[in-house]
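**Q** Below are the sequence and a predicted model for it; my questions follow.
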Amino acid sequence: MGAGVDQQVAEEGIGRSAASGVLWLAAQKWVVRVSGFATLVVLTRTVTPREFGVVAAAMTFVPMIYLLSDLGFSTYLLQTPQVDRRSLSTAFWTSVAAGALLSAGLWFVAPLVAEAFRIPDLVPVLRALVLSVVPTVLAGVPLALLRRSMRFRAVAVQALVAAVLAQTVAVVVALRGGGVWALVSQVVVAQWVIAVLAWRGARWVPSFWLSPRQFREMASFGLRVSSVDFVAMSRLWAESWIITVTLGPSALGLLNIGQRLVQVAQDLAAASLVPVSTVVFARVRQSNGRLLATYVKALGVAYSVVSPFMLLIVVTAPALVPLLFGEEWRASVAPAQALAVAGIITLGAMLDHGLFYGLGRPGSWLAYAVVVDAATVATTAVAVQFGLTGVAVGFVGVAAAATIARWVIVGRLLGLRTRVVARPFLTVLVPTTVTAAAGALVFRALEHASWPWLAVLLTAAVTVVVNVVMLRLLAASIVRDAVGIVPVPERYVSRVRRILRLEPVGAA
């Protein structure tokens, strides 16, 4: 009896920590993304699509250096039951050595990369971005320590401060005619500020006491983790290369803006769940019933929260993109719409990624990632002949097939029927379809109005209201779950429940 009570108390503590983590990470994501989006609006008025494309091409390589330098050790530190100073120091010094070697390598191969992309001015950009590798490597272990101890508030504040400072620098450089260097400076400044604040917050000092045994254990796990992300990075590199050599760097820049618009919407809604979910799934994996309930609930809530954001992009992009970024970026409309549809379909992958890592099964996720990313590259190679719209629509097709396959894989992992895993998506599908139709009707009626912003705002209002009403009518349990996990005072939660006529779980 006592053990059961202790377990319940422990699980409730994890839940409270997770809820607090979601609050802080969500707040950080909101502020960073809103301020970052405002920065992006300014930058698109002064930086050309070609310059965005040059940096986008460079950023297909630099994250690879981040990834290979980390070697997956930071993820290992998150999910392993225990860590000590020796294992932390082993992870740190290994990453530092790998980062130094890879940074030097990137510096020397930059001309070859530029030649492959047919962009001569890619060389100085790549070499400048090497300056962001050092702080990223140095911050790996301190950030893992903060996340492991569920100090999400500290992580959120650090990211917020870094983002605001980096965005300020980028705007100043852009307004002074810096062009591509505004984007480069934003990346470098952000990484250095995060590194300094992470070390200050972790209050940890590495030793030179290393463990070959622990290195082998971390490397075995980290190799699989790094392989998963390396496959994704390779896919991004291949896609960018195909688009650049076929359509030019300006096309890559236009696609990049569409991707950023969708990413902002995703981050505002649900991306903060990913780092929290990895830790929480790792903590509750011994309780199969709790794991299943947590997963299904999180999936339903994520779909219901993110869908309205994606739908708003799909419906209003023809007016929204030119209003925000200028007529020069109108070619980003169709890619943004297609990517928003794909964003709804692939949303479950965000939580599934955390699920597999939290359960210590990165190898299974690797096999899935290899197949999906290979299919994505092959589709891009064929679809690029139809322009950016063809590329984005092709991604939607791959996303749909990959989602169905993922339902089967997750079902086997958790011992669930495929239809149980698919249920949250299928439950939200009807409300989403009705909401999209209502939003499209309103936007079409208003798109030729004298004030384009009025059409966008009214469409947004209708989209939110219709979506909430449809979810309440067809998926009340998902709405109840969403309201229940919102980390706000109970009186506000109770008020929302009364308005929506939601009975708390367990009510008579």
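**A** Now that the structure is in, tell me what you want to look at. Numbers count the residues shown, from 1 in each chain.
**Q** pLDDT weak spots in the chain?
**A** Scanning the chain for pLDDT under 70 picks out the ranges 1-29, 269-294, 358, 362, 481-490, 492-493, 503-508.
**Q** Provide the secondary structure category for Pro120.
**A** Assigned state for Pro120: coil (three-state reduction, DSSP: H, G, I helix; E, B strand; the rest coil).
**Q** my guess is it contacts Ala114, does it?
**A** Yes: between Pro120 and Ala114 there is a contact under C-beta atoms under 8 Å: 5.8 Å. For the C-beta atoms, the positions are set from N, CA and C on the backbone; glycine is no exception.
**Q** The two: which is more packed in?
**A** Neighbours per residue (other C-beta atoms under 10 Å) separate Pro120 from Ala114, with Ala114 holding more: 20 against 11.
**Q** Does that one touch Leu122 like I think?
**A** Yes: taking contacts as C-beta under 8 Å, Ala114 lies within contact range of Leu122: 3.9 Å.
**Q** How about Ala436: what's its closest non-neighbour residue?
**A** Leu311 (5.1 Å; C-beta to C-beta, 6 or more residues apart in numbering).
**Q** Next, count neighbours for the one you found.
**A** So Leu311, with other C-beta under 10 Å, has 28 neighbours.
**Q** how much space between it and Ala440?
**A** 9 Å (C-beta to C-beta, to the nearest Å).
**Q** The spatially closest residue to Leu388 that is not a sequence neighbour: which element?
**A** Once flanking residues are discounted, Leu388 sits nearest to Pro335: 4.8 Å by C-beta to C-beta, 6+ apart. Using DSSP states H and E, Pro335 sits in helix 333-345.
**Q** Check which helices and strands the very next helix or strand once past that helix is in contact with.
**A** Next in sequence after helix 333-345, counting helices and strands by DSSP H and E, comes helix 347-358. With contacts defined as 3 or more C-beta pairs under 8 Å, 6 or more residues apart in numbering; DSSP states H and E, the packing partners of helix 347-358 are helix 73-79, helix 273-284, helix 288-325, helix 362-383, helix 387-414.
**Q** can we see that at 6 Å?
**A** helix 273-284, helix 288-325 (3 or more C-beta pairs under 6 Å, 6 or more residues apart in numbering; DSSP states H and E).
**Q** quick one: the helices in the stretch 151-300 of the chain?
**A** For the stretch 151-300 of the chain, the helices defined by DSSP state H, counting those that start in this stretch occupy 152-175, 180-202, 212-247, 249-266, 273-284, 288-325.
**Q** how about CSV for those, with distance to Arg498 added?
**A** Shown next, in CSV, are the helices of the stretch 151-300 of the chain (distance: least, C-beta to C-beta, whole Å):
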stretch, distance to Arg498
helix 152-175, 30
helix 180-202, 41
helix 212-247, 44
helix 249-266, 29
helix 273-284, 27
helix 288-325, 19
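**Q** Which one of these lies nearest to Pro81?
**A** Of all those, helix 273-284 sits nearest to Pro81, with 9.0 Å by C-beta to C-beta.
**Q** Mark out where each domain of this protein begins and ends.
**A** 15-210, 227-429 (automatic domain parsing).
**Q** right, and the ones you listed - which one's nearest Ile478?
**A** domain 227-429 (4.2 Å).
**Q** start to end distance for that closest one?
**A** 33 Å (C-alpha to C-alpha, to the nearest Å).
**Q** Regarding stretch 116-136, how distant is the last residue from the first?
**A** 26 Å.
**Q** what sits up against it?
**A** Under the criterion C-beta atoms under 6 Å, 6 or more residues apart in numbering, residues 54, 57-58, 62, 65-66, 99, 103, 106-107, 110-111, 114, 184, 187-188, 191-192, 195, 244-245, 249 lie in contact with stretch 116-136.
**Q** how does it look with 7 Å?
**A** 54-55, 57-58, 61-62, 65-66, 69, 99, 103, 106-107, 110-111, 113-114, 180, 184, 187-188, 191-192, 194-195, 241, 244-245, 249 (C-beta atoms under 7 Å, 6 or more residues apart in numbering).
**Q** Just the buried residues out of those residues, in ChimeraX syntax.
**A** The buried residues among the contacts of stretch 116-136 can be selected in ChimeraX (16 or more other C-beta atoms under 10 Å) with this line:
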select :54,55,57,58,61,62,65,66,69,99,103,106,110,113,114,180,184,187,188,191,192,194,195,241,244,249
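**Q** Can you list the residue ranges for helices in the stretch 1-150 of the chain?
**A** 2-46, 49-58, 62-70, 73-79, 85-117, 122-129, 133-148.
**Q** Around Val83, how many other residues sit close by?
**A** Count around Val83 with other C-beta under 10 Å applied: 17.
**Q** wait, it sits on Tyr76?
**A** No: with contact defined as C-beta atoms under 7 Å, Val83 does not count as touching Tyr76 (9.0 Å).
**Q** Could you measure from Arg118 over to Ala251?
**A** 13 Å.
**Q** ditto for Thr80
**A** 44 Å.
**Q** Check Ala302 too.
**A** Counting by C-beta to C-beta, the gap from Ala302 to Ala251 is 31 Å.
**Q** So which of Arg118 and Ala251 has more stuff around it?
**A** Ala251 (21 against 13).
**Q** how about that one, what does it touch?
**A** Neighbours of Ala251 in contact, by C-beta under 7 Å, 6+ apart: Ile243, Leu388.
**Q** Make sure Phe356 is actually in contact with Ala367.
**A** No: using C-beta under 7 Å, Phe356 makes no contact with Ala367, being 10.6 Å away.
**Q** With neighbour numbers in mind, choose between these two.
**A** For Phe356 versus Ala367, the count of surrounding residues by other C-beta under 10 Å is larger for Phe356: 23 against 14.
**Q** now the more buried one, nearest residue through space, not along the chain?
**A** Trp365 (4.1 Å).
**Q** Report how many residues lie close to the one you found.
**A** Trp365, neighbours per other C-beta under 10 Å, totals 25.
**Q** Hmm, it is touching Gly354, no?
**A** No: with contact defined as C-beta under 7 Å, Trp365 does not reach Gly354; the gap is 10.1 Å.
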